[in-house]
Each structure stands twice: as C-alpha cells, then as structure tokens.
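>>> Below: sequence and its predicted model.
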Amino acid sequence: DDDDDDDEPEEEEEETGGGGGDVAMRDGGDGDGGDDAPRVVLHEDKKYYPSAEEVYGEGTETLVMDEDAQPLEEPIIAPLKTKRVEVRDANAPAMRVSEEYLLGMLSNPNLVRNVAVCGHLHHGKTSFMDMVVEQTHALSTEGRDPERQMRYMDNRQDEQDREVSIKATPLTVAMPALSGKHLLFNFMDTPGHVNFSDEVTASLRLADAVLLVVDAVEGVMCVTERVIKHAARDRLPIVVFVNKMDRLILELKLPPADAFHKIRHVLEEVNAVIEAAYGGGEDCPFADPVKGTVCFGSALYGWSFTLESFARLYAERRGVEMDTKKFAKRLWGDSYFHADARAFRAKPPPGGGDRSFVQVILEPLYKVYAQAVGEHAASFAAVLAEFKVALKPKEYKMNVKPLVRLACRKIFGAAAGLVLVERRGGRA
C-alpha cells in the first residue's frame, strides 16, 4: 500500500504537466484559478512570427495577396520573344470555284466524299495534299522557292520547322472527274509518325474511305500495316496511291522492266496485309489497278494517273478511237502487245518484248525524265511533242525540278484519275 501511495503523486504530475503546448501551467499555482491557473491556447491564437508593426514600426501597410492572383495563361517569367504556334497565311489562295458552288455541292450528299489520307512517315501525304492544292487553287508564284515544298497543310510552326505533320488537318476542295463532273472532297491529312496515331484513328472515324499513300521504293512499313488494321476495324474501303515513282527513275535508276516488278511487288505486299486484316472474301478491298483502286504518281512532281485515265490520255493524244476501259485492262499484268496481229496477248511476241505497262506507260515516262535532266532543249521538245505538249522557250531554261513538274502537269493534266479512284473506292 505504501508503494501505491508513492506512485499516485507522480501520475498526477504527469497529467498536469503534459499538454502538448495547449495547456500552460505556471510554477507555484494551486490550480484553483487566477493568473497562475492553467490556460488553454488555441492554434489561431498562437503567435509564431512577429507582426509587421513589431518589425517595421507603427503605420506600416500590409498587403496580403492570394496564391492564384496571377492567371495560369501568364508565365511567371515573361519570355523575351513571343513564339508562334500556328502559321496563318494572311493572303490565302483563292479556290478555282466559287464559295456558292461549294455550298451547293454540300447540300447533295451523293457528291461529297470524306477521305482520310494515311500512310507511313515521309511517304508523301503532305506532298500529295500540296498537289491537290495547286490543282484546285490559284496560287501565286511570287516569293516562293520552286525547289522547296510548299507544305500547305502544315499550319503549325513546329511542323514547318521539323517537316513532320503532328496534327490532322482537313481540307475541302472540288475536283473534276474524267467526265467533267465535280465531286466535293473533304480530305484529312493525317500524321505518319507512330506517336501521333491517335490523330489517324480520329480521322478514320470520320472518313468514308482511306487513301493509303505508299512509297514505291520503301513499300509497306509499320504504320502502313497499322492504318490497314484500323480501316479494317471500321470496314472502310481502301484505295492505294503508289507515290514517289520518280525515285525508281532518279535514285534507284531501275530499268523500266525492273520498275514494273518493283511496283507489282509493293502492291502484292499491300494486298497481303489487307487480306490478313479484312479476312479475304468478295468485299475485301484489294489494291487492283485493273479495278481502278490504285493510282500511280509522284506528288513531288505533281502528276498522277490510273490505268483508265492514262488510256483516255493515250487515245486523246494519239487521236485514236478505242474503248478506253478495255484498253486500260490490257495495261497491267502479263499482257504483251503483238504489233503484227495488233492485239494484246498473255505471252510475249516471238522476238521478245516488254509488258504493255512498261511499253506504253513507263518507257515514255522515263524519256521525259531523261531528256529533262539533259541539256538539249530540242530533244526534250521532241519527247513532249509525242504527247502533243509544247513549252515556251523561256520555260526550257528552268531548273530540272520545276521543268519536270511543268511538263508532267501539262502531260497528265489535273488529278482526274484520282477522282475516278475515289469514286470506285468510296460510295460509287
């Protein structure tokens, strides 16, 4: 019992002395009240720092500012230079058709096509859109470098600096078909980098068809397969634009016969991926030049054609009356022209010969590039005369790239063949 009595005062002292700073006990107090009684001090009444008057003296004005007084759009430290995010052209080119004409076409859904332009990085999607803009708008050549790409669809400053599309950009144009009837196209130029595939997916959800741009040299790449799989998920029709055919001539320097095998191999790769994604069947959108779902061209030099558009061009320039649709079917595959019988057959003539695609299309195209690179204007004029095309004397003094662009544009004309491809690949 004595031990218990000795412990009780210690517990009382612990209970009285420990207060976490909230209970103050003055020495010598009896706890019955008065100044020496324990006091409870609230947090808001505690004084942690001296006031402004105690530090700076009486009459000091104190201003208390909130944390969010500065807006989020305003930087804490203002930059010395203001960076431009978007590039806006004050003098936008005017379309070759009136705005009222476009509004009238928009009221007829049968004349409208929503097309997503997709493909791998640097396969020429933006260059293709530049070709479309040049053919549908009245562009001024003043202050423009003819050797440099326009990149009209890259309307961001970082896209212009890096020469890579980051955002999907729409464009509405009216393009004439081979019959002279116009169609309204809502093109969506999508990025080709794999990091911006979300832009491609969003564009495919808005599209009626996919224009798949494939490099004639590189062929099918990873983004090409990804685009085909996305299109297969929505069961969208696909048309193929075999771009950069000039690389087969200028870079690889392939003979025309080898260039044909290279192009056919690229289309076989595309069809293999399409069959795996769509599962085959009759509704599988295979890339077949005979059916009109493949367009050939070079967006950098501003020309494109399909088999049917080239057949019409050939008949017009040669002054020959023929069934261009049947003639177009003879321009692809193992089809050889027998001059003695004046007929197309599946086997080459006894003396040997090239396929019709090589003989009728590639060899004249090779002549145009070869003579344009040469320095003899008379020989180049003779080649153009075969296509019933003539240039002015001062135009022959242009550099090689603008000269070839001008010559090919006059030979192949507008992208009417592309419109025919979209009609067959879309809702026609």
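Thanks, I have it.
>>> low-scoring stretches of the chain, by residue?
Scanning the chain for pLDDT under 70 picks out 1-36, 65-68, 82, 88-91, 141-143, 178, 375, 414-417, 419-428.
>>> Quick one: the strands in it, in order.
With DSSP state E applied, the chain shows strands at 23-24, 39-40, 94-95, 112-119, 137-138, 169-176, 182-189, 209-215, 238-243, 294-298, 303-305, 336-338, 343-345, listed in chain order.
>>> TSV for the ones you listed, including distance to Tyr278 and mean neighbour count?
(C-beta placed from N, C-alpha, C; glycine too.) Below are the strands of the chain laid out as TSV (distance: least, Cβ to Cβ, whole Å; neighbours: other Cβ atoms under 10 Å):
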stretch	distance to Tyr278	mean neighbour count
strand 23-24	80	12
strand 39-40	79	10
strand 94-95	36	14
strand 112-119	16	24
strand 137-138	36	12
strand 169-176	26	18
strand 182-189	22	21
strand 209-215	12	26
strand 238-243	9	25
strand 294-298	17	26
strand 303-305	25	26
strand 336-338	33	17
strand 343-345	31	13
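>>> closest one to Pro71 among these?
Within those, the stretch nearest Pro71 is strand 169-176; the backing value is 29.8 Å (Cβ to Cβ).
>>> who does the biggest helix by length in the chain touch, helix- and strand-wise?
Here the longest helix in the chain is taken by residue count, with DSSP state H as the criterion, and it is helix 256-278. Helices and strands in packing contact with helix 256-278 are listed as strand 209-215, helix 222-233, strand 238-243, helix 246-250; criterion 3 or more Cβ pairs under 8 Å, 6 or more residues apart in numbering; DSSP states H and E.
>>> Now render these as a markdown table, adding distance to Lys125.
Converted to a markdown table, the helices and strands packed on helix 256-278 look like this (distance: least, Cβ to Cβ, whole Å):
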| stretch | distance to Lys125 |
| --- | --- |
| strand 209-215 | 5 |
| helix 222-233 | 11 |
| strand 238-243 | 8 |
| helix 246-250 | 16 |
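>>> Identify whichever of the ones you listed lies nearest to Asn108.
Per Cβ to Cβ, nearest to Asn108 of the helices and strands packed on helix 256-278: strand 209-215, 17.8 Å.
>>> nearest to Val400, of the strands of the chain?
Shortest distance between Val400 and the strands of the chain, using Cβ to Cβ, is found for strand 294-298: 13.6 Å.
>>> CA-only coordinates of the closest one, as CSV, when you get a sec.
Coordinates of the C-alpha atoms in strand 294-298 are reproduced here as CSV (Å, rounded to 0.1, in the frame of the first residue of the first chain):
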residue,chain,number,x,y,z
VAL,A,294,-4.8,2.0,-107.5
CYS,A,295,-3.3,5.4,-108.6
PHE,A,296,0.3,5.9,-109.7
GLY,A,297,2.2,9.1,-109.5
SER,A,298,4.7,11.4,-107.9
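>>> What angle do strand 209-215 and it make with each other?
For strand 294-298 and strand 209-215, the angle between their directions (axes from the mean of the first three to the mean of the last three Cα atoms, to 10 degrees) works out to 50 degrees.
>>> who does strand 294-298 pair up with?
Here strand 294-298 has these sheet partners by DSSP bridges: strand 238-243 (parallel), strand 303-305 (antiparallel).
>>> Dump these to TSV, plus distance to Leu384.
Formatted as TSV, the entries for the strands paired with strand 294-298 read as follows, by distance: least, Cβ to Cβ, whole Å:
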stretch	distance to Leu384
strand 238-243	24
strand 303-305	14
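>>> circling back: quick one: closest of the helices and strands packed on helix 256-278 to Ser98.
Each of the helices and strands packed on helix 256-278 has some distance to Ser98 by Cβ to Cβ; the shortest is strand 209-215, at 26.1 Å.
>>> could I get the strands of the chain as a markdown table with distance to Ser197?
What follows is the strands of the chain, written out as a markdown table (distance: least, Cβ to Cβ, whole Å):
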| stretch | distance to Ser197 |
| --- | --- |
| strand 23-24 | 65 |
| strand 39-40 | 64 |
| strand 94-95 | 31 |
| strand 112-119 | 10 |
| strand 137-138 | 30 |
| strand 169-176 | 16 |
| strand 182-189 | 14 |
| strand 209-215 | 14 |
| strand 238-243 | 17 |
| strand 294-298 | 24 |
| strand 303-305 | 26 |
| strand 336-338 | 44 |
| strand 343-345 | 44 |
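>>> Which one, of these, ends up nearest to Ala381?
Ranking the strands of the chain by proximity to Ala381 (Cβ to Cβ) places strand 303-305 first, at 18.6 Å.
>>> right, and the strands of the chain - which one's nearest Glu275?
Counting by Cβ to Cβ, Glu275 lies closest to strand 238-243 out of those; the figure is 11.7 Å.
>>> Can you give the distance of that closest one from its chain's centre?
With Cα atoms, centre = their mean, to the nearest Å as the basis, strand 238-243 stands 14 Å off its chain's centre.
>>> could you give the angle of that strand to strand 112-119?
Angle between the axes of strand 238-243 and strand 112-119 is 50 degrees (criterion: the same axes, to 10 degrees).
>>> Contacts for strand 238-243 next, please.
119, 123-124, 127-128, 209-216, 228, 231, 263, 266-267, 270, 274, 285, 287, 293-299, 304, 418, 421-422, 424-426 (Cβ atoms under 8 Å, 6 or more residues apart in numbering).
>>> what residues are up against Glu147?
Taking Cβ under 8 Å, 6+ apart, one finds 399, 401-402 in contact with Glu147.
>>> Distance of it relative to Lys253?
Using Cβ to Cβ, to the nearest Å, one obtains 22 Å as the distance from Glu147 to Lys253.
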